[in-house]
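> sharing a sequence plus its predicted fold:
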Amino acid sequence: MPKMKSKSSAKKRFTLTGTGKIKRKHAYKSHILTKKSIKRKRNLTYSTTVDTADEKRVKEMLSK
């Protein structure tokens, strides 16, 4: 039986925290930034956690 592979795209986008939660970046911060307010752009800078409804799917993608 071959080894299980983790999804390369998920490896690049998510990291596990010490408590087992999954960290992610915010979307909508890459282009067309002139029409977005400074407050909105600043809040998109910080990372957040994946929603609990999606955690199981993301962990499956990251498992090897």
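That came through fine.
> for this protein, which segments are assigned as helices?
Applying DSSP state H to the chain gives helices spanning 8-13, 38-45, 52-62.
> please report how far the spatially most central residue of the chain lies from Gly18.
The residue lying closest to the centre of the chain (C-alpha atoms, centre = their mean) is Arg24, at 2.6 Å. Arg24 is 16 Å from Gly18, where distance means C-beta to C-beta, to the nearest Å. Quick note: C-beta positions are derived from backbone N, CA and C, even for glycine.
> let's have the helices of the chain in TSV, adding mean neighbour count and distance to Met1.
What follows is the helices of the chain, written out as TSV (neighbours: other C-beta atoms under 10 Å; distance: least, C-beta to C-beta, whole Å):
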stretch	mean neighbour count	distance to Met1
helix 8-13	12	21
helix 38-45	11	42
helix 52-62	12	18
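> in JSON lines: these, plus mean pLDDT and distance to His31.
Converted to JSON lines, those look like this (pLDDT from 0 to 100; distance: least, C-beta to C-beta, whole Å):
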{"stretch": "helix 8-13", "mean pLDDT": "95", "distance to His31": "18"}
{"stretch": "helix 38-45", "mean pLDDT": "97", "distance to His31": "12"}
{"stretch": "helix 52-62", "mean pLDDT": "95", "distance to His31": "25"}
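> looking at the ones you listed, which is nearest to Pro2?
helix 8-13 (16.2 Å; C-beta to C-beta).
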